[in-house]
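S.K.: here is a sequence with its predicted model. Questions after.
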Amino acid sequence: MSSNLSYAGMNSLCRNVSRSVHTSCALLKETPQNLKGKKHSSQQWLTRQLRDPYVEKAKQEKYRCRSAFKLLEIQERFKIFKPGQNVVDCGAAPGSWTQVVVNAINALGKADGPVGRAYAVDKLPFYPVEGAVTLGNMDFTSAKTQDMLRESMQGVKVDVVLSDMAPNASGVREIDHDNIIRLAYSAMKFALRVSQPGGTFVVKVWDGRKSQQLEQDLLRFYNRVKIVRPDATRDESTEMFLLAREFKGLKTRVDTSATDVSSAN
Ligand SMILES: C[S@@+](CC[C@H](N)C(=O)[O-])C[C@H]1O[C@@H](n2cnc3c(N)ncnc32)[C@H](O)[C@@H]1O
């Protein structure tokens, strides 16, 4: 990649993604007729999908995934997006949060008023979302990815950083918790560097022993932190979102390095 990437340049590069794409969160297109011979876990997943009203709703409203409704609820309740804002979406595949963001910030300029910019990144390849710089196949936690994102932003600070990143679940609750917390801290450190004062950070975790520490760490940098469990989060899930608002800004670089995240690693 060139070292001088503009928003437009990144977009045209990313439009060409047509390799294997992320589908784990994809909507079911057809009703499975015969579950015989399928693994028990697959049967459970399919049955749950069929009973899930958000899956149907996502299909009707053309969202790539039911997760859209979590962000829509957060937006409805807390009004975190405004037209004209710059937003980074970490762990964006297959792209339903990015779809919500593009509409909310007027990234396509369809409405009157200011036009925003959206950046979507995921370690899996995924189909570009119109109106967003879509970086598939890129591990957000790598310095290379974060440098590329920052270059693309050309020094413009962002208003909102989102992280819906989730590791592959091992099934062992503590391990999964530690892994998602590690991703959360990576997103938080990035947010501290790129956000403008007053900015917002939304991060997903699976609740566990390190959630409270994360909340406390966020409170050092944001005036308000709230725990949100949207209706679309499944009852059996330990998922929750930390909504951190009113970024205080960093006076010096030392402040960033003062973020002791070693306990999470
Ligand atoms: C729940 S899905 C996100 C769904 C998305 N918000 C949407 O609405 O379409 C979690 C995503 O986090 C991504 N992820 C996990 N670790 C990552 C990493 N290190 N870098 C980038 N993405 C990551 C996964 O590939 C997965 O696509």
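M.R.: Looks like it came in fine. Quick caveat: nothing in here was measured; it's all calculated off a predicted structure.
S.K.: I'd say residue 64 and residue 97 touch.
M.R.: No: Residue 64 sits out of contact with residue 97 when judged by CB atoms under 8 Å, with a separation of 9.3 Å. From N, CA and C alone the C-beta is placed, and that goes for glycine too.
S.K.: the ligand contacts on the stretch 1-150 of the chain?
M.R.: Contact residues, the stretch 1-150 of the chain versus the ligand (CB under 6 Å from any ligand atom): 22, 25, 64-65, 67-68, 91-97, 121-124, 139-141.
S.K.: only alpha carbons, please: show the strand or helix carrying residue 73 as CSV.
M.R.: Using DSSP states H and E, residue 73 maps to helix 68-78. Provided in CSV are the C-alpha atoms of helix 68-78 (Å, rounded to 0.1, in the frame of the first residue of the first chain):
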residue,chain,number,x,y,z
ALA,A,68,-27.3,-3.9,13.5
PHE,A,69,-30.2,-3.7,16.0
LYS,A,70,-27.8,-3.5,18.9
LEU,A,71,-26.2,-0.4,17.5
LEU,A,72,-29.5,1.0,16.4
GLU,A,73,-30.8,0.7,19.9
ILE,A,74,-27.6,2.4,21.3
GLN,A,75,-28.1,5.2,18.8
GLU,A,76,-31.8,5.5,19.6
ARG,A,77,-31.1,5.8,23.3
PHE,A,78,-27.9,7.7,23.5
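S.K.: list the buried residues in that helix.
M.R.: Neighbour-count burial for helix 68-78 flags 68-74 (criterion: 16 or more other CB atoms under 10 Å).
S.K.: who has more neighbours out of residue 64 and residue 97?
M.R.: Using other CB atoms under 10 Å, the more surrounded residue of residue 64 and residue 97 is residue 97, with 30 against 24.
S.K.: now the phi/psi pair for residue 133, please.
M.R.: The phi/psi pair for residue 133 (degrees, to the nearest 10) reads phi -70, psi 120.
S.K.: correct me, but it touches residue 102?
M.R.: No: Residue 133 is beyond contact range of residue 102, at 10.8 Å (criterion: CB under 8 Å).
S.K.: between those two, which contacts overlap?
M.R.: Each of residue 118 lies in contact with both residue 133 and residue 102 under the rule CB atoms under 8 Å, 6 or more residues apart in numbering.
S.K.: settle it for me: which of the two has more neighbours?
M.R.: Shown here are residue 133 and residue 102; by other CB under 10 Å, residue 133 has more neighbours (28 against 23).
S.K.: who does that one form a beta bridge with?
M.R.: residue 119 (DSSP bridges).
S.K.: for residue 49, give its distance to residue 57.
M.R.: 12 Å (CB to CB, to the nearest Å).
S.K.: same check, this time on residue 177
M.R.: 29 Å.
S.K.: more neighbours: which of those two?
M.R.: In terms of neighbours (other CB under 10 Å), residue 177 is the more surrounded of residue 177 and residue 57; the figures are 19 against 14.
S.K.: how about residue 250, phi and psi?
M.R.: phi -110, psi 130.
S.K.: and the pLDDT for it?
M.R.: We have a pLDDT of 90 for residue 250.
S.K.: in this structure it contacts residue 191, no?
M.R.: No: contact criterion CB under 8 Å: residue 250 and residue 191 do not qualify, at 10.8 Å.
S.K.: what about these two, which has more around it?
M.R.: Set residue 250 next to residue 191 and count neighbours by other CB under 10 Å: residue 191 wins out with 26 against 16.
S.K.: confirm for me that the more buried one is in contact with residue 202.
M.R.: No: look at residue 191 against residue 202 with CB under 8 Å: they stay out of range, at 9.4 Å.
S.K.: re earlier: quick one: which of the buried residues of helix 68-78 is nearest to residue 181?
M.R.: Of all the buried residues of helix 68-78, residue 181 sits closest to residue 70, with 19.0 Å by CB to CB.
S.K.: excluding covalently adjacent residues, which one is nearest to that closest one?
M.R.: Nearest residue to residue 70, sequence neighbours excluded (CB to CB, 6 or more residues apart in numbering): residue 230, at 4.2 Å.
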